[in-house]
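**Q** no letters, just coordinates:
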């Protein structure tokens, strides 16, 4: 399975690099949008700029279809917990949800919680004629597909991680964009000014949310999740060095209370003008160029995350819409998720600074003209796709992995010994795999 996913991911990188440009096609044909009029559907979504781009337009869908939409946008961890609780209990009131494919794709499918979409996509009475499944790059379609060929979600966004920095301050002080982790640490040290509520760096410190940060550092120090025999190896020398850097940076140059920071708190710190650098997904960029929300409009620079001793990587993640297997309104929910991921709405998402995999949007000339994002954001997106790497291990219990590693990261920020913490986390990881994937080592 790992080989297949890496193959698909490589195709995604090639496809998006070749096709990145900038397409919106209006609704066409005699498709019956009103066939489920009068129904009410409920959606759960993680708080994200992609969802923010769609929510204001839901009344358009309701008018078009006669379907009432209850759209719950919740903080990431709360949303994931709520999805698991409702799906595990076979709740009939949850109809569709945004799924993080880097976390939930395998586990949710193995649990039997998601509705296969293959037959829906083939049905011309359910799929709008201009939806155009083939408009997504081949690799995006493959990411939406399980190894057995079952399509379980429709792609909403793809999100390589990058470095955000205050280009105005860098220019004022004559500071070059850091190209290595060592250089980034020196910049953070130079610009850190806690007496004036300004910090050298900010990124996620909250347990679970913080794990992807360390995973990317693990790669850059030359480590991986498993050794050559497939056994957990997160306590390797590379893992220890990655954890030491991760914790040292936040402990010395991050804001107070950072162990409670998810992406929202971290990005808010940067957006309020209180940090020199911020590391997270490129999909959070749109808010920084929004004059109604941001104090760093026109002051934010976008670049690749600096290289470590073993190279430079862009950990990459993403999300899409799935339908609950237990919904009593699957067809109405399917109509919504095709609307939410159609060409028009994908452009809206892209114009909100979020990465997308639809060819027509990427090739649309208006994409460049209308996008609030500056040229360095677009170039960084292209460059990040060239060094993209799946940012979490390809296992069913990704959430539990994130928890056990995330707990070690929090303790390291608080001053714990990285080697001791990772030795325990590695053993916990081994036990997790023995419990959740007992056939892995047979």
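**A** That came through, no problem. What you see is a predicted model; the values in this text were computed from it and never measured.
**Q** please, where are all the strands along the stretch 201-350 of the chain?
**A** Assigned by DSSP state E, counting those that start in this stretch, the stretch 201-350 of the chain shows strands spanning 277-281, 300-303, 314-323.
**Q** got the angle for the last one vs strand 277-281?
**A** Put simply, strand 314-323 runs at 40 degrees to strand 277-281, going by axes from the mean of the first three to the mean of the last three Cα atoms, to 10 degrees.
**Q** partner strands of strand 314-323, parallel or antiparallel?
**A** Using DSSP bridges, strand 314-323 pairs in its sheet with strand 96-100 (antiparallel), strand 154-166 (antiparallel), strand 388-390 (parallel).
**Q** out of the ones you listed, which is the most enclosed?
**A** For those, average neighbour numbers computed from mean count of other Cβ atoms under 10 Å are highest in strand 96-100, which has a mean of 28. All C-beta spots, glycine's among them, are computed from the backbone N, C-alpha and C.
**Q** please report how far the closest residue to residue 310 other than its chain neighbours lies from residue 308.
**A** Nearest residue to residue 310, sequence neighbours excluded (Cβ to Cβ, 6 or more residues apart in numbering): residue 222, at 3.4 Å. Distance of residue 222 to residue 308, computed by Cβ to Cβ, to the nearest Å: 8 Å.
**Q** residue 197: how many residues sit nearby?
**A** 13 (other Cβ atoms under 10 Å).
**Q** actually, residue 314.
**A** 25.
**Q** what's the answer for residue 169, then?
**A** Counted with other Cβ under 10 Å, the neighbours of residue 169 add up to 18.
**Q** one more: residue 365?
**A** 10.
**Q** show the pLDDT at it.
**A** As predicted, residue 365 sits at a pLDDT of 86.
**Q** for the one 10 residues further on, same thing?
**A** At residue 375 the predicted local distance difference test score is 89.
**Q** could you report the separation of it from residue 386?
**A** Distance from residue 375 to residue 386, by Cβ to Cβ: 17 Å.
**Q** between these two, which one's more packed in?
**A** Just comparing residue 375 and residue 386: by other Cβ under 10 Å the higher neighbour count belongs to residue 386, 14 against 10.
**Q** what distance do you get for the more buried one to residue 304?
**A** Residue 386 is 9 Å from residue 304, by Cβ to Cβ.
**Q** quick revisit: can I get the strands of the stretch 201-350 of the chain in a markdown table with distance to residue 94 and mean pLDDT?
**A** Shown next, in a markdown table, are the strands of the stretch 201-350 of the chain (distance: least, Cβ to Cβ, whole Å; pLDDT from 0 to 100):
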| stretch | distance to residue 94 | mean pLDDT |
| --- | --- | --- |
| strand 277-281 | 26 | 97 |
| strand 300-303 | 36 | 98 |
| strand 314-323 | 10 | 92 |
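**Q** as a markdown table, those with distance to residue 433 would be great.
**A** Formatted as a markdown table, those follow (distance: least, Cβ to Cβ, whole Å):
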| stretch | distance to residue 433 |
| --- | --- |
| strand 277-281 | 27 |
| strand 300-303 | 36 |
| strand 314-323 | 21 |
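**Q** and residue 367, which of those strands is closest to it?
**A** Among these, the nearest to residue 367 by Cβ to Cβ is strand 300-303 (16.4 Å).
**Q** hmm, back to that, for residue 228, find the nearest of the strands paired with strand 314-323.
**A** Proximity to residue 228 (Cβ to Cβ) singles out strand 388-390 among the strands paired with strand 314-323, at 17.9 Å.
**Q** so the next helix or strand after the closest one versus strand 96-100, what angle?
**A** For strand 388-390, the following helix or strand on the C-terminal side (DSSP states H and E) is helix 398-413. Between helix 398-413 and strand 96-100, the angle comes out at 50 degrees (the same axes, to 10 degrees).
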